[in-house]
Each structure stands twice: as C-alpha cells, then as structure tokens.
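Engineer: the sequence isn't on hand, but the structure is:
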C-alpha cells in the first residue's frame, strides 16, 4: 500500500506517496516532485551525480532511503538558486564555463556546497580531495576546481 | 489522426505538442497552413527559418553532445546573418525537421555541419539584401546588414528581415558561391561567447533525455542475459507480479523487460524476475586476448599508405627496429546510463533519444520494425556525454519494442551495469611495426600492420533489442578506425596496412578518436624509438621529417610553450624512487585537418610502477577558431579523459561476459590525479574551421609513453600503462 511521506525539500513541506519506504530518495525527488537536478548515474553511490544535501551533509540520494530522509532538511540543486538568481556556486560554474555535458554537474555543485559550508577557503588540494568521489567523464575537472575557488572568494 | 501516409506537417502538428517547449520552432507549429518544412541539406529552408518576430531558427542535423557545438553553431549563424545571438533558436537532430548532416562524430560538426549552416546563412543574407534592394529602391551593392535588418548606410533606412521573409520560406538552393563575411569584420565568431546551455544545467532546470517525460508513459527495465550471447531457457515472473505498480513482463525470444507504472516499481520488479539462460563461454580468455586477435581470420586488407617499396627497403636496411603495440578494450563510460522514450501511434513511431545519429537511428529502427523510414521520427534530447556510440541507440530500440508490445509510451532507463556491460566497446587494437635505418640513422623504410575489426562506409552498431528479439538487424561497423595509420613524416618507403578482422570479442563501435588514438599511439611511440635509435632529439626529429609548414609551426610553438630542452639522457641522472620525464607527440588529424602537438610531463615511481601525469602542454591549430573558450574546454577534456584511458582503463571479462560492471570494476581518473593543461591556440581566421572534439585525444597515450621512457628508460607499448606493466618493463632492462 502506498504510504505518504512528508519531505522538507528546499524549504517546503511536500507529500510523497510511495509503495516502498526503502525507495531511494532520488526517485521521490525526480519522479514524484519533478526535481530533476539530481541525476541517476549508478544507483550504487559510486559516482555522485545524484548528490543532495540532507541535514547539511552531502548524501547520495540514489542509495538513501526515502524513509530516512523524512523530516530532515533536504536541499537540491534547484534549492540553491535559479537561472535568474543563481547561488554563488552556480554563478561561478557559469563564469568558469565549468560544464561540458553537465550530467554530473549537480553532484559537483552539491558536494562543493558541503565543502564550502565546512571550509570557507579550501586549497586546490582540499577541493580535489572533497570531490574525489565525484566522477566526471568529460574531463572538466580543472574548470570545476577553478569554479569552486571562485565561489569561495565570492562567498567570503 | 496519424496514419501511415501522413505528411510532415500533419505529423508535426500531431506529434509536436509534447516537445514544443524544447525543440520545435514555434512558427512551424502555429502555421497550420504553412508549407511542409523541407529537411533538404541543399535548401536554405532546410537549415533556416526567420519568423515574423525576427527569431532565426537554425535546424541542425549535428547535435550538442556537451562539446559546446550548439553555441558555436549559433555564433556561426548569427555572425553570417548579422543578428544578435539571443535571436537564434536551435532545433537539433529532430529527423522531421533537421537535415541529415551525418552523425555527430569525427569532429566534423563545425567543419561540415557549421559550414553548411554558414553557406545557408550566406545564401539567405544575399537573398534578403536582394529583396531589400527592391523595397528600398537602392542597389543591392550599396546595402549591408546589421542587427537583423538590411541597412542602407547612405540614407540610414533599414528593413528588418522579419518584414522581408518573416514566416515565409526562402525557397532557395544553397549557393556554394554565396559571399561569406570577411573574418576581419567578425563580431561573434572567434570570441569566447558563453555557452547558452550552462545556466540551466547548473540550476538543475535543463531537460536532459533522462529528465524528459511523456504523458501516460510507463517505465521499463530491461533484463539482460548473464552472457554476451544469452539464450533464455526459462522465466518466472510470479514474484514480480506482486510488486505494486507492476504492469507486465515483455518477452520476445531472448529480449526480456519489465514494465511498471513508476520507475522504482520497474526496478524492483526487474530484480524479482527469475530467469535461466543457456551457458555460453565464447569469449576469449582475457589473458590471451592478443593471441586471439592474432589468430582471428582476416576478412580483407586496407592498404592505407604505399609509398616506394617498403618491403625491399626493409630487407636491405643495415639496421632494423621492430615493435608491437596493443591498446585495450574500452567502454564509453557515460556517467548517465542510456535512456530513451518511445511511443507508437497508428503505425508511426516517435522516439526521444540522446543518439548522436538520429537520422541513422531512424532508419535502423524502421528496418527493425519493418516500417518505412517516414513512419519513424527520432527527436534528439541531450543525454549524458557519450563520446561515441554508447548505449543511447540500444535504449531507443528497447523503448520502441516495449512501446509496441505494451501499446503505451515507454521510458527505458538502463542501469549502471547495463551501460558498462552492454554498451558497444572500443575494439582491441594490435599493431606490428618495423623500420629500417641506414648507416647514418636515416629512416629508409616504415611498415605497420594493424589488426582491427571490419568496417563499412556506414557506421552502425547492431541494436541489442533487435538481436535478442530475433528482429531484422545490422552488423556492427565501427567508423573509420583505419584512419591515422598512414604516417605524416616524409620517409621514402612506407607501407601501412589495416588487416580487417572477421571477428572481435565484443560488439564494436567508435569511442572518442576511434582508431586515430590507437594508431597515433603506435606511430608516435615508434617514431620516438626511431629518433632515439638515430641519436636525435624527438621533437627536432619530427620537425625535420615534416614538410607541412603549419605542422612545423605547431611543433615550434609547442617547444616554446613547454620550454622543451633537447633530450640527452636526462632521466638516467635522476635518483630516488620517483623520477620525472617529458615526452612529445604530434599528429595532423587524418593527415588532412587539425594539427596538435603535445608534451606530457610524468612522474614514475620506480618502486610501485605507478605513472602520474602531472602536466600537459598543447599547441593546437584547427584553422579558424569559432569559440576559443569552448575549444580550450574540449582540449582539456581530451587530455583528462584520455589520460584516464591511457593509465587506467582495461575492460575486464570472463569467458561469458563483461566483469567490469560498475565504477569499481572499471575505474576512471579522479580529481586528485588530474593533470594541469597548458594550451597555446593558433587561430587562423582566414582558414577553414576544423574540429577539436577528438584530435587532441589522439596524442595523449603516446606523449605519456614517451615521457615514461624519458623518465625511466623503458618503452610502454601496451595501453593502459598499469603499474604491473611498468614494473615488468623495468625488470626487463
């Protein structure tokens, strides 16, 4: 039987009906709530394309049960800013043109958000370490590191 | 209602409403009485439409794959028509609306796709000036164009394009002689214009293929065999049927899938299906892959270069060098597994796909289902980067089959394992080289013999669904992988042969820089070996054997950029476990276009065998540059992705199937190991613009190998350069 789960997403309380409380949060966000910023990449928590913030921590929503997310503060890429009103990280990724296909970029920005929340002026090495679990196949890494540095300066 | 004889306009009107916000030109939908839009690549209307509001819609058969080509094509069109960039709208890869400009492959989206658009725009501009001359009563020669209008500079009057042609057809053939703008007057081409897709991509509002939805759509997961030639012996879906949301199990011969109302239900139900398959162990032993390749029957030989008499010159040469190179099987490794949506209505198939070759896919799907090509429409939506023919087309065939079997629109999303195991693979490549040197170290003979799969002029890969379901199917022919085996240096006797093999272990396709990467790896390491044998500096040796001035300039600028120092056994003086080295590589793409020279800097750990690439220097000449920042982004991507391929990537398999099933089983380069990239762009505004998505990738494995030699004195002739291979080579000194 479908159960209702109340999620706190991007500052709004939203109801999600799901048959399986173990359904990964990713499917609730993408299919029930239409938040397609987080992407399905592996379903194994290996690539980071699905990353969202749950209670301030970067988590892999493809492997994070819906039931465990209920009641916690969830922030997705859409919650950071909008095209007309981007978050400094989003603006920095635009300024550095730090995208090729852009499929992984949700995870890069959300993981970087978690990093900058904890460390306001990271070194390049720290940024690379923080993003070591996020895969990019196009090879945009150098630009992504520059974008995170730029965002850190914008937010200082 | 749709029917089998419907015309383009009716099809558009019926099928276009779902995608109006993404792709379809507003004018085309609104004007029900407008003539049917041509998709002829010989007609201006094939490529361009100017709406009543002045919007210029560009119809491109070439599609954005994440390379920035959308923005570059917009720059080309806006420049040639003298309209602001913001007034350009792009429609890409919709087979009903865009000309077939060939697949988006081989780095020709600018040189072919862009130049066709430039010609269409130049023809249109000349026609607009001609029309304005009549309206204004001013001779055409005295008119110019600016900001979407024809302007008469003498009296300041102007006529907007929208008044001249707005909403109407041009009805003009593309004029190859139409005057194009003088590059000196360019305002958009050659400028680092910001990519138009990035703001939505970083905001999470961009609609990728994976994000697209169709009303009434069902979700499916395919259930692939546990062997690469699976034959289903039994199926039990009792447990799947109990999953809430389960709709049906589709079985057609060995094709199996589960369809459900929501995506998670489809995943759960697919996991609950029990299947048994016939045992199959037809793959070669991984450890004996190269013996298998060597033993495979040769279907035909492609002699790609035959200069002088290499066989005789080799026989009589006082000194000969021989070496064998191999290059592992690679998967595309798209971050997003393939995805597609299909819908059948009254015998007509609409397929939303991230295929890089929608026009070819349309024909393949039509052939698979035994319908006319006109009964299939493929609509392109951007997917995760594919870098060649990954699983996008197969997901499209899966969706098309499931939509037909269920009678409803179906979305198919592959799993990570589906993508790693079932995308077609970059085939294994084996090349034997020999060279003859005279007493003074001059090269008198060069031969190469490559062992690679067969190919045809049309690059296709078998659609998995057609194969498993026993439906009509194509063979797999990876594109132009014999390219770049011929050499760029002026040696007197040269013979290069691609032995096309009758069989290859996995369904082959093309992965970024197909063949050109493998062949350049062999060529550019072997030429380094020859330079070393003749006591020459490898960079100077290359320049000495080139006649092409642009190639020479690339190498000279590279030497300055990298502050190249002649190699005089520098490496042998280093002590300690970690030693550094530099290596050079150079190529002219397919010997006819983009020039790239690169220097790699590496650190080699003599104890662990680990190779670390710390920096790449690149000098790059692709003629007229459309967007220098987009170009740099592509060069950086080529370096980083190919460093990953050269150091790490080697598809694992057992006798039945692929065992590299995820990112643990097929690691790729991560942030801490990314090299720096330093680039020198050579812009030649007066020359033809060439592509850059692939060429730089060609030189990466050889530059790294040559740098490792510089560091530790061993030649790495087998990609990837794993620690085990490095240690084995060091032990063999």
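Structural biologist: That came through fine. Since this is a predicted model, take the numbers as computed values, not measurements.
Engineer: and the gap between the residue of chain A found nearest chain B and residue B:77?
Structural biologist: Evaluated by C-beta to the nearest C-beta, chain A has residue A:37 as its residue closest to chain B, separated by 2.4 Å. To be clear about C-beta, it is placed using only N, CA and C from the backbone, and glycine gets the same treatment. As judged by C-beta to C-beta, to the nearest Å, residue A:37 and residue B:77 stand 30 Å apart.
Engineer: re earlier: burial count for the residue of chain A closest to chain B?
Structural biologist: For residue A:37, the count of nearby residues is 27 (other C-beta atoms under 10 Å in any protein chain shown).
Engineer: same question for the one 5 residues further on.
Structural biologist: Close neighbours of residue A:42, defined as other C-beta under 10 Å, add up to 25.
Engineer: mind listing what the nearest residue to residue B:440 once chain neighbours are set aside touches?
Structural biologist: Spatial nearest neighbour of residue B:440, chain neighbours left out: residue B:534 (8.0 Å); criterion: C-beta to C-beta, 6 or more residues apart in numbering or on different chains. Counting by C-beta atoms under 8 Å, 6 or more residues apart in numbering or on different chains, residue B:534 makes contact with B:437, B:440-443, B:541.
Engineer: assign a three-state SS to residue B:177, would you?
Structural biologist: Secondary structure for residue B:177, judged by DSSP: H, G, I helix; E, B strand; the rest coil, is coil.
Engineer: now the residue lying closest to residue B:437 once chain neighbours are set aside: how far from residue B:715?
Structural biologist: Nearest residue to residue B:437, sequence neighbours excluded (C-beta to C-beta, 6+ apart): residue B:319, at 4.4 Å. Distance check for residue B:319 against residue B:715: by C-beta to C-beta, it reads 17 Å.
Engineer: of these two, who's got more company?
Structural biologist: Neighbours per residue (other C-beta under 10 Å) separate residue B:319 from residue B:715, with residue B:715 holding more: 17 against 13.
Engineer: surely the more buried one touches residue B:729?
Structural biologist: Yes - under the criterion of C-beta atoms under 8 Å, residue B:715 makes contact with residue B:729 at 7.2 Å.
Engineer: what about the longest helix in chain B?
Structural biologist: If you go by DSSP state H, chain B has its longest helix at helix B:115-136.
Engineer: per-residue confidence averaged over that one?
Structural biologist: In this model, helix B:115-136 carries a mean pLDDT of 97.
Engineer: would you indicate which residues of it are buried?
Structural biologist: For helix B:115-136, a neighbour-count test (16 or more other C-beta atoms under 10 Å in any protein chain shown) marks B:116-129, B:131-133, B:136 as buried.
Engineer: now find how far off-centre it is within its chain.
Structural biologist: Relative to its chain's centre, helix B:115-136 lies at 33 Å (C-alpha atoms, centre = their mean, to the nearest Å).
Engineer: I'd like to know which elements it is packed against.
Structural biologist: If you count contacts as 3 or more C-beta pairs under 8 Å, 6 or more residues apart in numbering or on different chains; DSSP states H and E, helix B:115-136 packs onto helix B:44-47, strand B:48-50, helix B:69-81, strand B:144-146, strand B:149-151, strand B:158-160, helix B:161-165.
Engineer: so what strands line up beside the fifth one?
Structural biologist: What it means is strand B:149-151. With DSSP bridges as the test, strand B:149-151 is paired with strand B:144-146 (antiparallel), strand B:158-160 (antiparallel).
Engineer: would you map the strands across chain A?
Structural biologist: In chain A, the strands defined using DSSP state E lie at A:3-9, A:12-18, A:51-54, A:57-60, A:73-75.
Engineer: mean neighbour count, those: which tops it?
Structural biologist: Among those, the stretch with the highest mean neighbour count (mean count of other C-beta atoms under 10 Å in any protein chain shown) is strand A:51-54, at a mean of 26.
Engineer: let me see the domain layout of chain A.
Structural biologist: A:3-78, A:81-155 (automatic domain parsing).
Engineer: contacts only, for residue B:564.
Structural biologist: Residue B:564 makes contact with B:539, B:558, B:582, B:584, B:599, according to C-beta under 8 Å, 6+ apart.
Engineer: on that earlier part again, tell me what angle the longest helix of chain B forms with helix B:69-81.
Structural biologist: Put simply, helix B:115-136 runs at 30 degrees to helix B:69-81, going by axes from the mean of the first three to the mean of the last three C-alpha atoms, to 10 degrees.
Engineer: what about chain B, any weak spots by pLDDT?
Structural biologist: Flagging of chain B using pLDDT under 70 yields the residue ranges B:1-35, B:568-573.
Engineer: count the residues that sit near the closest residue to residue B:471 other than its chain neighbours.
Structural biologist: Of all residues not flanking residue B:471 in the chain, residue B:368 sits nearest, at 5.1 Å (C-beta to C-beta, 6+ apart). Applying other C-beta under 10 Å, we find 22 residues neighbouring residue B:368.
Engineer: give me the helices and strands touching the helix or strand hosting residue B:368, please.
Structural biologist: Secondary structure assignment for residue B:368, by DSSP states H and E: helix B:358-369. Here helix B:358-369 touches strand B:348-353, strand B:376-380, helix B:392-406, going by 3+ C-beta pairs under 8 Å, 6+ apart.
Engineer: residues making contact with that helix?
Structural biologist: Helix B:358-369 is contacted from outside by B:61, B:63, B:93-95, B:100, B:102-103, B:349, B:351, B:353, B:355, B:372-373, B:375-380, B:393, B:396-397, B:400, B:404, B:458-460, B:463, B:465-466, B:471-474, using C-beta under 8 Å, 6+ apart.
Engineer: how far is that helix from where the chain is centred?
Structural biologist: 19 Å.
Engineer: in the sheet, who's paired with residue B:219?
Structural biologist: Taking DSSP bridges as the rule, residue B:219 bridges to residue B:260, residue B:411.
Engineer: that one contacts residue B:413, correct?
Structural biologist: Yes - when contacts are counted by C-beta under 8 Å, residue B:219 is listed as touching residue B:413 (7.2 Å).
Engineer: residue B:52: neighbouring residues, count only.
Structural biologist: Residues contacting residue B:52 under the criterion other C-beta under 10 Å number 15.
Engineer: next: residue B:301.
Structural biologist: The number of residues packed near residue B:301 is 11, by other C-beta under 10 Å.
Engineer: bridged to it, which residues?
Structural biologist: On the basis of DSSP bridges, residue B:301 is bridged to residue B:499.
Engineer: do residue B:377 as well
Structural biologist: Counting by DSSP bridges, residue B:377 forms beta bridges with residue B:350.
Engineer: quick one, what contacts it?
Structural biologist: Counting by C-beta under 8 Å, 6+ apart, residue B:377 touches B:11, B:15, B:94-96, B:348-351, B:362.
Engineer: next up, the contacts around residue 60.
Structural biologist: Using chain A here. Contacts of residue A:60 (C-beta under 8 Å, 6+ apart): A:45, A:48, A:50-51.
Engineer: try chain B instead
Structural biologist: Contacts for residue B:60 were tallied using C-beta under 8 Å, 6+ apart; they are B:47, B:73, B:90-93, B:98, B:101, B:113, B:117.
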